[in-house]
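S.K.: any chance you could fold what I've pasted below:
(chains A, B and C)
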Amino acid sequence: MKQLVRLFAAVFVVALGLMYFTSYLNSSQGYSGANTLTIYNWGDYIDPDIIADFEKETGLKIIYQTFDSNEAMMTKIEQGGTTFDISIPSEYAISKMKEEGLLLPIDHSKIPNLANIDPRFMNLSFDPDNEYSIPYFWGTVGIIFNSELLGGRTFTSWNDLWSEDLRNRILLVDGAREVMGFGLNSLNYSLNDTNEEHLQEAKRKLGTLTPNIKAIVGDEIKMLLAGEEAAVGVVWSGDASEIMGENEKLDYVIPEEGSNLWFDNMVIPNTARNIEGAHKFINFMLDPEIAARNAEYVGYSTPNAEALKLLPEEISQDERFYPNPELTKKLEVYENLGKKMLSHYNELFLEFKMHRK
Amino acid sequence: MKKNSKLAQLYLVVVFLVLYAPILYLMYYSFNSAGTMHGFDGFTLEWYEEVFHDTRLLIIVLNTVVIALLSSAISTIVGVTGALAIQRVRKSRPRNSLLAMNNVLIVSPDVIIGASFLIFFTMIGIKLGFTSVLLSHIAFSIPIVVLMVLPKLQEMSPTLIDAAKDLGASGWGVLTKVVLPFLRPGIFTGFFMALTYSLDDFAVTFFVTGNGYSTLSVEIYSRARQGISPSINALSTLIFLFTITLVVGYYFLNRRGSRKPEWGVTQP
Amino acid sequence: MTKTRNLYLIPYAAWMLLFVATPIVLIVYNSFFDVEGNFTLDNFQKFLTPVYLRMTFNSFWYALLITVFSLLVAYPTAYWLTRTKHKQLWLLLIIVPSWINLLLKTYAFIGLFGTYGFVNAIFEWVGIGTQQILFTDFSFVFVSVYIFIPFMILPIYNALEELNPSLIYAARDLGASPWKTFRRVVFPLTLGGVKAGCQAVFIPALSLFMITRLIAGNRVVTLGTAIEQHFLVTQDWGMGSAIAVLLIIVMAVIMMLTGNRGARNSIR
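M.R.: Next up is the predicted model:
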């Protein structure tokens, strides 16, 4: 009995001691004041030095909190109880959040740096007039492949994935829209198609891809491809640039049938307290020099035309990540298909997953 | 008692090797100058330096430890009372339903628990942050403690309690002098399992946290999209070495002091 | 007397009411609504389609495999651990690896099991040649067992510790072989621990997710994965909840079936 009491007493004393120390650390960082700005972002999706610069310039203290999926982040914002001033969701999440009234309008007059954004990336279908969102990074979905492992072959079309010599060599990213999307694209349908026959056709076609698929995975796909666990992968361009930074044998291509064009955007959720600060932050991030630094740190494509000029040529001239206008025309942004359709896409994807084995 | 045979020793060595293999792997790559978990380029201490300069990460680690310790201690206490309560129900029907209720949180996937706790906390107006995370961790650790304590309780013969009562012990006396000492191994097991649950949890914490409060797992998972940096490996290596030193050091200090380990997971 | 005796039950009862009953109510309520918020029974009907029935079967099959293998590995480990010097220290060292973040350990396993990983390097060296280990049933069960093994070892270890050695001596003196002693005396007396271990492994194994993707590359799709998807990707909380309701019912049924009238019952 004595030992039990002793152990538990010790645990409580240690925990309380550490708590005191943590609060000391917190206050020494200046996090306790009211002059704070809470940013809700993907982990490690911003250059930490930029945060420090922003704090120095404005005197605001940034609280940085992280999420690991758009949906989880939306649930948090919808439920409230938090005070996020800035969040960075993907475009399909934005149209949903808009519908549910989770976003506050952005006052463009407070963001003079908005002029730096390439007009191509403004006024897109998910948020006409950019009333609620400002682009942060953008990218595509495509095929990454290890030409050395494949004896020098290259890819131009989605249909190349079905080739028989790729047995058990392809990794797919675990996303219903992405996989169904390239299934539809390979049949020359739109990746926003809602025609039931087309969808079933795409599912059947994907079913025949089964022998070639080694696994359907998440973020670990980068590690697997860089480690040459598989020769081919269907990935987001952001991941591709990161993988290629780690392993030079890999190359990335946007298939000719077209593909998805995605955006991550800065928004002000309705949980915001420091709306003034949020605007300051957005404006700061659009500064050409800052945006260029951030793009180099993160490795994704920047929508900031002025920043692009500041980037080294080997980045800004790279057609794989900054595709030419002709190809860009074939890229489609995911439309909000409505909950029913989205859940149908997911059912089909689930069936496809179960079918495999 | 009989000593282990060579074969038995070999078996144990293999089990330990397998248990520690992934951790050794992580430690190895924390020194990789290439900054990845494949292809070792060269030795570097860069990532360790990065850890020591990151105050935010330090705060997160401390948060994680505080939550783990407090939640497992409290849930152990509540769990033991719960096991006592279940044990007192003699009829098998209501008792099994109680047990089923107890296990609901173990069988429910974390997302569901997280989402419903989030709804619950915002409904009753608890500020998301330390309190809500602590309460949730206590909540999902309780059932495992009950599961670990209950078998010990069932082994205890009723005559033991009767004997104590006959000797004039009060209810409280029976509990502290007879029942709890007997349950001790189960209580320790429950405590350590709760600790494991708390340190491992990501989904529930993610949903119920807020206002800048974060734990290590939430931070690690949210970094996955950008690729987990080797500084996380370095941090885990440090935490691991610290824990091992603590465990081994404390064990031998105690042994020297009293010959019998004071905190043993088992009965003397 | 009864009044003071019942006071200690308050925290546990409060926990049940707030953190078990509330999620159950929310889940059951949600399960009757479709994505657009209309009342419906479709969610349960959808469950009867081949896709979900197969998924259910998968979940049970793998949870069973994981439990059986955990038991097969854990029992000898626990048995021989009780006979080592410093046994409490070794036991703690079994738990320590589970305190390192699961995602990191899983990444390490991906590295170890990969085509160019450590295990395949050994295979090459021995002359078996490179095998695909990652994304197979084997790696899935292996890593799951790795995760759950402490939950199995601890209760069994406790049960073994408790065993009165004189019983074993008595069996020996009566001429029983070591194997017979084990089968007839040791194992039956530790069934309580075995049962607690099996519950602590089987129940959470039913709703495993994450490693179904990381280690099995979605070749194994379990109910846990589906719930995760419905909550986080489709945001079809209704369907997710419906699966959860069925999972909870099944768990309750299992508890009833394995429910005990006495402490030493078989696990079946």
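S.K.: excluding chain neighbours, give the residue nearest to B:Phe120 in space.
M.R.: In this structure, B:Phe120 finds its nearest non-sequential neighbour in C:Thr22, 5.2 Å apart by Cβ to Cβ, 6 or more residues apart in numbering or on different chains. Just so you know, the C-beta spots here come from the backbone N, C-alpha and C atoms, and that holds for glycine as well.
S.K.: my guess is the one you found contacts B:Ile124. True?
M.R.: No - judged on Cβ atoms under 8 Å, C:Thr22 makes no contact with B:Ile124 at a distance of 9.8 Å.
S.K.: how about the secondary structure of C:Ile128?
M.R.: Under the three-state scheme (DSSP: H, G, I helix; E, B strand; the rest coil), C:Ile128 adopts coil.
S.K.: do you know the pLDDT at it?
M.R.: Looking at C:Ile128, its pLDDT reads 87.
S.K.: count of neighbours near it?
M.R.: 10 (other Cβ atoms under 10 Å in any protein chain shown).
S.K.: quick one on the thing from earlier: distance-wise, check the residue nearest to B:Phe120 relative to C:Phe231.
M.R.: From C:Thr22 across to C:Phe231, the span is 17 Å (Cβ to Cβ, to the nearest Å).
S.K.: which of those two has more residues huddled nearby?
M.R.: C:Phe231 (26 against 17).
S.K.: ok so the more buried one is a helix residue?
M.R.: Yes - C:Phe231: assigned to a helix according to three-state DSSP.
S.K.: please name the residues that touch it.
M.R.: A:71, B:111-112, B:115, C:237, C:240 (Cβ atoms under 8 Å, 6 or more residues apart in numbering or on different chains).
S.K.: got CSV for these, with pLDDT and secondary structure too?
M.R.: Listed next are those as CSV, based on pLDDT from 0 to 100; DSSP: H, G, I helix; E, B strand; the rest coil:
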residue, pLDDT, secondary structure
A:Glu71, 81, helix
B:Val111, 79, helix
B:Ile112, 82, helix
B:Ala115, 83, helix
C:Trp237, 85, helix
C:Gly240, 89, helix
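S.K.: now the helices for the stretch 1-150 of chain B?
M.R.: Using DSSP state H, counting those that start in this stretch, the helices of the stretch 1-150 of chain B run over B:6-29, B:46-53, B:55-88, B:92-107, B:110-124, B:130-155.
S.K.: give me the residue from the stretch 51-200 of chain A nearest chain C.
M.R.: A:Glu71 (4.6 Å; Cβ to the nearest Cβ).
S.K.: for that residue, grab the count of nearby residues.
M.R.: So A:Glu71, with other Cβ under 10 Å, has 19 neighbours.
S.K.: near chain B, which residues of the stretch 151-268 of chain C show up?
M.R.: Within the stretch 151-268 of chain C, the positions near chain B by Cβ under 8 Å from any Cβ of the partner chain are C:151, C:154-155, C:157-159, C:161-162, C:165, C:192-193, C:195-196, C:199-200, C:203-204, C:206-207, C:209, C:224, C:227-228, C:231-232, C:237, C:240-241, C:244, C:247-248, C:251-252, C:255-256, C:259-263.
S.K.: picking up where we left off before, out of the helices of the stretch 1-150 of chain B, which one sits most buried?
M.R.: Highest mean neighbour count among the helices of the stretch 1-150 of chain B (mean count of other Cβ atoms under 10 Å in any protein chain shown): helix B:130-155, with a mean of 25.
S.K.: for the next helix or strand after it, buried residues please.
M.R.: Counting by DSSP states H and E, the element after helix B:130-155 in chain order, helix or strand, is helix B:158-166. Using 16 or more other Cβ atoms under 10 Å in any protein chain shown as the test for burial, helix B:158-166 gives B:161, B:164.
S.K.: so whatever helix or strand comes next after helix B:158-166, near chain A or not?
M.R.: Going down the chain from helix B:158-166, the next helix or strand is helix B:171-173, by DSSP H and E. No - judged by Cβ under 8 Å from any Cβ, helix B:171-173 makes no contact with chain A; its nearest approach is 10.9 Å.
S.K.: how far away from the center of its chain is helix B:171-173?
M.R.: Chain-centre distance of helix B:171-173: 29 Å, with Cα atoms, centre = their mean, to the nearest Å.
S.K.: beyond it, next helix or strand please.
M.R.: Defined by DSSP H and E, the subsequent element after helix B:171-173 is helix B:180-200.
S.K.: ok, and for that next one, which residues are buried?
M.R.: Buried residues in helix B:180-200 (16+ other Cβ under 10 Å): B:180, B:182-200.
S.K.: what ranges do the helices span in chain A?
M.R.: Along chain A, counting by DSSP state H, helices occupy A:2-28, A:48-58, A:70-79, A:91-99, A:176-186, A:196-207, A:221-226, A:237-246, A:275-285, A:288-298, A:305-310, A:313-316, A:325-330, A:338-355.
S.K.: and B:Ile142, what does it touch?
M.R.: B:75, B:78-79, B:82, B:102, B:105, C:12, C:15, C:19.
S.K.: state the pLDDT value of it.
M.R.: pLDDT, read off for B:Ile142, is 94.
S.K.: do C:Asn265 as well
M.R.: 37.
S.K.: flag every residue of the stretch 251-357 of chain A that's near chain B.
M.R.: Counting by Cβ under 8 Å from any Cβ, the stretch 251-357 of chain A comes close to chain B at A:Val298.
S.K.: the closest residue to chain B within the stretch 251-357 of chain A: how many residues sit nearby?
M.R.: Closest to chain B within the stretch 251-357 of chain A is A:Val298: 7.5 Å, counting by Cβ to the nearest Cβ. A:Val298: 21 surrounding residues under other Cβ under 10 Å.
S.K.: is it true that it touches A:Phe137?
M.R.: Yes - A:Val298 is within contact range of A:Phe137, at 6.6 Å (criterion: Cβ under 8 Å).
S.K.: overlap in contacts of these two?
M.R.: By Cβ under 8 Å, 6+ apart, the residues touching both A:Val298 and A:Phe137 are A:Gly238.
S.K.: which pLDDT value goes with B:Leu160?
M.R.: pLDDT at B:Leu160 comes out at 74.
S.K.: then the one 10 residues further on?
M.R.: Here the pLDDT value assigned to B:Ser170 is 75.
S.K.: can I get the helices of the stretch 1-150 of chain B in JSON lines including distance to A:Lys2?
M.R.: Shown next, in JSON lines, are the helices of the stretch 1-150 of chain B (distance: least, Cβ to Cβ, whole Å):
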{"stretch": "helix B:6-29", "distance to A:Lys2": "32"}
{"stretch": "helix B:46-53", "distance to A:Lys2": "39"}
{"stretch": "helix B:55-88", "distance to A:Lys2": "16"}
{"stretch": "helix B:92-107", "distance to A:Lys2": "29"}
{"stretch": "helix B:110-124", "distance to A:Lys2": "36"}
{"stretch": "helix B:130-155", "distance to A:Lys2": "19"}
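S.K.: OK, contacts around the residue of the stretch 51-200 of chain A closest to chain C?
M.R.: A:93, C:231-233, C:235.
S.K.: out of those, which is nearest to chain B?
M.R.: Using Cβ to the nearest Cβ, the contacts of A:Glu71 come closest to chain B at C:Phe231, 4.5 Å.
S.K.: one step back: and the residue nearest to B:Phe120, how far is that from B:Phe121?
M.R.: 10 Å.
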